[in-house]
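Chemist: fold the following for me, if possible:
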Amino acid sequence: MKSPISSCAGPVSRRDFLGMGALALGGLSFADLLRMQSTAKAADESSDNDHAVILLWLPGGAPHMETYDMKPDAPAEYRGDFKPIRTNVPGIDVCEHLPLHAKHADKFAIIRSIAHQFSDHGGGHKRFLTGRDPFQPTGFVNDHPMVGSLVSKCREHRSVGLPNYVAGMDNGRQGVDVFSFGAAYLGQTTTPFMVPGNPIDPKFGIKNLALPEGFAAKLEDRRALLHAFDTTRREIDASGAMNAMDAFESKAVELMMSDKARNAFDLSKEPVAVRERYGWHQYGQRALLARRLVESGCSFVTMVLENPTVLGQKMPTDVTYNWDSHAVNCHIFTDSKFRMPFYDRAVTALIEDVYARGLDKKVMVIVTGEFGRTPRISYSNGRPGRDHWPQAMSLIVAGGGIRTGQIIGSTNEKGERPKDRPLTPNDLWATMYKHLGIDPERCFLDHSGRPMPILPYGEVIKDLYG
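Modeler: Numbers count the residues shown, from 1 in each chain. So this is what the prediction gives:
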């Protein structure tokens, strides 16, 4: 692993941090995002790189010993109720409740040895998603930018007719501080364009993409009137800020009047058979939407997978809302048997699609939460569960030109801690930045004017390219 970076590559400007307005988090429209963008001309080493990332985020922490790191020979109080099954790659086993994973194991890599030290959900989110130890071990407000915001900043001068960074989640969960998606000192222009709601709900739609009825016909008249009204003020505007606002406004209107953004977000454009393959539920349709967005040019798409229920379905007894499988929240084995089929179908359909559509060099897929779950089972009122456990976790990576069909790292016989090839979240992000053509030593100024590298340390996981 690299030692902490002591110097920074490349100049940055304090102008990078202008435009940190007071708009409500998670409520930015296209026009807001564009208007607030920095006018700085910082070097963008990734501007010609069209590679993209899909992050499927599993808040609460998926149980590694019920998914990708089963321990059938461990004592009963560790191994749990489920059995491993063979996959299409000799030597790779997964949980019996992930049969579609077993058919597609040649298309992803399992990493079993990532760990960190923050066991609170807030601290775990911040640690994992920023690549830095948070100042406080609890709470979800970032001290440093989430990786998606850093990608957005590095790609800010890249225009594809869509936001560079999009995030989808359940309705009511779209604040950037719900999952530590905050941009910290990079400012609100680099927070994700939020897409809340259930994609199979007939009322699901994307705000700010459609002009109100009759508005298009009036648009030119209105703009002409505003132009005449502002002529004198613009003539004495020495800073050029008004001209910049004109450009942002024009770009926003162009996006709203273009079919590209509307088409990318419109799942009805997909054949019914494809939508069925992903699954008629929130997990599946969000994964499908992510594929459509990166295929259309988005750089970074995060889809949050919490409640897996189909439209109109109530949460069954002994099942919890997300992946937080404490015994006080759910019966972990009942919860897993309910949740896994949704997860299995969505993840494998996305990975299969990435390869079938020739996106496997362009698009990297990462599936993870903030930590694993305790190897030893705990009980509450007779129900089994697992608690927070950042000391060991499993995740999968696909696409991105990596070598798939392999397991990287291992944990000890009880799944408690890394045994071989210990890694941190920073090594994962260093690998992701390599894929995107972004230098992780590039710096941005924090609120006090100090240059902060994108990653303080971390090395590319070379096993993925061997």
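
Chemist: mind listing what's buried in stretch 126-136?
Modeler: Buried residues in stretch 126-136, counted by 16 or more other CB atoms under 10 Å: K126, R127, F128, L129, T130, G131, R132, P134. For every residue, glycine as well, the C-beta is placed using N, CA and C.

Chemist: the last one and H144, how far apart?
Modeler: If I follow you right, that is P134. 8 Å (CB to CB, to the nearest Å).

Chemist: just confirm Y379 is within a helix.
Modeler: No: Y379 is assigned strand when assessed by DSSP: H, G, I helix; E, B strand; the rest coil, not a helix.

Chemist: any idea which helix or strand carries the nearest residue to it once chain neighbours are set aside?
Modeler: Leaving aside its sequence neighbours, Y379 sits nearest to A327 (CB to CB, 6 or more residues apart in numbering; 5.4 Å). A327 is part of no helix or strand, with elements assigned from DSSP states H and E.

Chemist: since we're on S113, how many residues are nearby?
Modeler: Close neighbours of S113, defined as other CB atoms under 10 Å, add up to 22.

Chemist: and it, helix, strand or coil?
Modeler: Once three-state DSSP is applied, S113 turns out strand.

Chemist: in space, what's closest to it - neighbours in sequence excluded?
Modeler: Nearest one to S113, counting by CB to CB, 6+ apart, is G409 at 2.6 Å.

Chemist: cool, and S180?
Modeler: Using CB to CB, 6+ apart, the closest residue to S180 is H125 (3.7 Å).

Chemist: follow-up on the earlier one: find residues that contact each of P134 and H144.
Modeler: Common contact partners of P134 and H144 (CB atoms under 8 Å, 6 or more residues apart in numbering): K126.

Chemist: ranges for the strands of the stretch 51-200 of the chain?
Modeler: Under the criterion DSSP state E, counting those that start in this stretch, the stretch 51-200 of the chain contains strands at 52-57, 84-86, 93-95, 108-114, 165-169, 193-196.

Chemist: which other helices and strands contact the second one?
Modeler: What it means is strand 84-86. Counting contacts by 3 or more CB pairs under 8 Å, 6 or more residues apart in numbering; DSSP states H and E, strand 84-86 packs against strand 93-95, helix 99-103.

Chemist: any idea how many residues pack against the residue nearest to S113?
Modeler: Using other CB under 10 Å, G409 is surrounded by 21 other residues.

Chemist: again, but for K337
Modeler: 18.

Chemist: do the one 5 residues further on as well
Modeler: Other residues near F342 number 19, with proximity taken as other CB under 10 Å.

Chemist: I figured it was touching H281, is that so?
Modeler: Yes: F342 lies in contact with H281 (CB atoms under 8 Å); the separation is 5.3 Å.

Chemist: what comes into contact with stretch 193-200?
Modeler: With CB under 8 Å, 6+ apart, stretch 193-200 has contacts from 26-28, 30, 33, 163, 165-174, 203-206, 265, 267, 280-282, 285-286, 288-289, 310-311.

Chemist: now do that stretch: distance from first to last residue.
Modeler: 19 Å (CA to CA, to the nearest Å).

Chemist: cool, stretch 302-312 as well?
Modeler: 25 Å.

Chemist: and stretch 288-308, by the same measure?
Modeler: Stretch 288-308: ends 15 Å apart by CA to CA.

Chemist: so how far is it off the chain centroid?
Modeler: Taking CA atoms, centre = their mean, to the nearest Å, one finds stretch 288-308 lying 8 Å from the centre of the chain it belongs to.

Chemist: and for stretch 96-107?
Modeler: Relative to the centre of its chain, stretch 96-107 is centred 22 Å away, using CA atoms, centre = their mean.

Chemist: ok, now stretch 377-384?
Modeler: 32 Å.

Chemist: for that stretch, which positions count as buried?
Modeler: Within stretch 377-384, the residues that count as buried by 16+ other CB under 10 Å are I377, S378, R383, P384.

Chemist: residues in contact with that stretch?
Modeler: By CB under 8 Å, 6+ apart, the list of residues contacting stretch 377-384 reads 77-78, 80, 318, 326-328, 330-333, 385-387.

Chemist: give the other helices and strands that the helix or strand that contains P341 contacts.
Modeler: With secondary structure defined by DSSP H and E, P341 is part of helix 332-356. Contacts defined by 3+ CB pairs under 8 Å, 6+ apart place helix 332-356 against strand 52-57, helix 99-103, helix 272-278, helix 282-296, strand 363-368, strand 383-385, strand 393-399.
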